[in-house]
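K.L.:
next input, structure requested:
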Amino acid sequence: MNIDAYLQRIDYHGSREPTAETLTQLHRAHMFTVPFENLDITLGRPISLSHAAFYDKIVERGRGGFCYELNGLFGWLLEQLGFAVTLLSARVHDGAHPGPEFDHMVLLVDLGERLIADVGFGDSFIEPLRLDHPHESVQRGSAYRLVEQHSEWALQQKRKAKWETDFVFSLTPHRLTDFAAMCQYQQTSPESAFTRKTICSRATGDGRVTLSNDRWIETADEQRDERHVDTAEEYRALLQSHFGIDLGSATAVERLMEGHSSP
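P.N.:
Prediction:
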């Protein structure tokens, strides 16, 4: 890994010492620069579960990715900087029930105190959450907390004055290859959310910008603006101006606007 190139990709110029403050600033920088996106899945381009593939796509080609790519690469960066990192399996809640094991990947970072990092869940916490001394963390107007439930932990977010669980996870260590089967499922199964809708989303200083199929959504200071994207040219322009993504003129972005993956 070229650490300098990675840090330039996320526009990070701070300390590289493996401390909680460094982790927080790296996490913030990642969330503000690298989009959560599944464009390749909709276009039928296979996602390879390897650090080299993650690095090439996100750093060299200026793209984003989904959880396995984003957290897989961020965890590797943290290890290169001297952090102690463990990959954890999380099960995303769909209504009242959690999904299967390896549905999502999160990172446990041990600095004497343990923190949970996650740059691959889309609209979620911007700064890592403390695991050993969990408490409500209010970030940009949204409240998050980690709650121990028997042998698992739950990430919860407060919505309309009610705590809702986003995902649950255990502290069992895993290797990157353990996520291979679910990574394949997420990008190929018609039951996967990633094959049914196209998303490209990134946190901003006061909200979020998102392309969801042919909808452009922008939130700022809790105000939401949503409109239809009328043409492929407009879609390309939004990808370029807000996410730094150029898919090339040969790519049929109309498929991204429709939101259905290639057969």
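
K.L.:
now for the helix or strand Leu88 falls within, which elements pack on it?
P.N.:
Assessed by DSSP states H and E, Leu88 sits inside strand 84-94. Packing contacts for strand 84-94, counted by 3 or more Cβ pairs under 8 Å, 6 or more residues apart in numbering; DSSP states H and E, involve helix 67-80, strand 104-110, strand 162-169. Backbone N, C-alpha and C define where each C-beta goes, glycine included.

K.L.:
identify all contacting residues around it.
P.N.:
Contacts with strand 84-94, where a contact means Cβ atoms under 8 Å, 6 or more residues apart in numbering, come from 71-72, 75, 78-79, 98-111, 155, 164-176, 178-179.

K.L.:
alpha carbons only: can I get stretch 184-202 in PDB?
P.N.:
C-alpha atoms of stretch 184-202 as PDB (Å, rounded to 0.1, in the frame of the first residue of the first chain):
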ATOM      1  CA  GLN A 184     -20.800 -12.700  -3.700                       C
ATOM      2  CA  TYR A 185     -24.500 -13.000  -2.600                       C
ATOM      3  CA  GLN A 186     -24.800  -9.200  -2.100                       C
ATOM      4  CA  GLN A 187     -23.700  -8.500  -5.700                       C
ATOM      5  CA  THR A 188     -25.600 -11.300  -7.400                       C
ATOM      6  CA  SER A 189     -28.700 -12.400  -5.600                       C
ATOM      7  CA  PRO A 190     -32.000 -10.800  -6.700                       C
ATOM      8  CA  GLU A 191     -32.900 -10.700  -3.000                       C
ATOM      9  CA  SER A 192     -30.000  -8.400  -2.200                       C
ATOM     10  CA  ALA A 193     -30.700  -4.700  -1.800                       C
ATOM     11  CA  PHE A 194     -27.600  -4.000  -3.800                       C
ATOM     12  CA  THR A 195     -28.900  -5.600  -7.000                       C
ATOM     13  CA  ARG A 196     -32.300  -3.900  -6.800                       C
ATOM     14  CA  LYS A 197     -31.300  -0.300  -6.300                       C
ATOM     15  CA  THR A 198     -28.300   1.900  -7.300                       C
ATOM     16  CA  ILE A 199     -26.800   4.100  -4.700                       C
ATOM     17  CA  CYS A 200     -24.000   6.600  -4.600                       C
ATOM     18  CA  SER A 201     -23.800   8.700  -1.400                       C
ATOM     19  CA  ARG A 202     -21.400  10.800   0.600                       C
END
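
K.L.:
narrow the contacts of strand 84-94 to those that are buried.
P.N.:
Buried members of the contacts of strand 84-94, scored by 16 or more other Cβ atoms under 10 Å, are 71-72, 75, 78, 98-99, 101-109, 155, 165-169, 176, 178-179.

K.L.:
for Leu7, what are its contacts?
P.N.:
13, 16.

K.L.:
surely it is in a strand?
P.N.:
No. Applying DSSP: H, G, I helix; E, B strand; the rest coil, one finds Leu7 to be helix, outside a strand.

K.L.:
so which helix or strand of this structure has the lowest pLDDT on average?
P.N.:
strand 97-98 (a mean of 82; mean pLDDT, DSSP states H and E).
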